[in-house]
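[1] sequence first, then the predicted structure:
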Amino acid sequence: MPAASSLLPWFVPRLSRPMIGVLNNLGHEMHYTRGEVLYESPGFFRPLMLVRRGIVARALMDPLHADPLLVSLSGPRALCGSCETLYVQDRMVRRHWCMTSVDVHVVNADLLLRICDQNPLWQRELSNYSAICALSDRLGMHGNPCNFVRRTTWGINDRFLSFDGFRVS
């Protein structure tokens, strides 16, 4: 198997049409070309972006080797940017870049969270979305024959301990 195919991409879920309606009233449109980096963390700005057209690769990076630990893909109607850190402020290094030309709708994440506080359905969808992205990160780390798994001495039982305390409602 070629080295380039050692990462198994996980596809990010799509948002519901009502949530997209909320996002449409916030923010502005941006266009990026293939290869451009849309988001890197940690960083000063926390842009949240809704993909309108194109494919965005979302990588959880190995902070010691600058290699992706896993890659997920955001397509139309999916989020990229600071969506993994809306509710949990971790210190994981992330990088999101364009696989194709991409049109995104950029939204202020803090403003969106304040608006969603006013509607329990929106709040639930956004928190579940964030939890599903975090679960996808963990599944990717455990399921991929990537650099992290090869370099670590963790056994399967130790790797599954990373799920301890993780709940999806």
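    Noted; the coordinates are in hand.

[2] burial check on the nearest residue in space to residue 87 that is not next to it in sequence, number of neighbours?
    In space, residue 87 comes closest to residue 130 once its chain neighbours are excluded; the distance is 5.0 Å by Cβ to Cβ, 6 or more residues apart in numbering. Every C-beta, even on glycine, is put in place using the N, C-alpha and C of the backbone. Residues near residue 130, counting by other Cβ atoms under 10 Å, number 18.

[3] same question, residue 21
    11.

[4] follow-up on the earlier one: how much space between the residue nearest to residue 87 and residue 109?
    According to Cβ to Cβ, to the nearest Å, residue 130 and residue 109 sit 11 Å apart.

[5] likewise for residue 95?
    17 Å.

[6] which one's more surrounded, those two?
    Applying other Cβ under 10 Å to residue 95 and residue 109 shows that residue 109 carries more neighbours, namely 20 against 17.

[7] dump the residue contacts of residue 88.
    Each residue near residue 88 by Cβ atoms under 8 Å, 6 or more residues apart in numbering is listed here: 130, 134.

[8] residue 57 too?
    9, 71, 72, 73, 96, 97, 98, 99.

[9] same check, this time on residue 14
    Here residue 14 is in contact with 75, 76, 77, 78 (Cβ under 8 Å, 6+ apart).

[10] drop anything exposed from the residues you listed.
    With neighbours counted by 16 or more other Cβ atoms under 10 Å, the contacts of residue 14 contain buried members at 75, 77, 78.

[11] any regions of this protein where pLDDT drops low?
    The model of the chain has pLDDT under 70 over residues 1-10, 43-45, 136-169.
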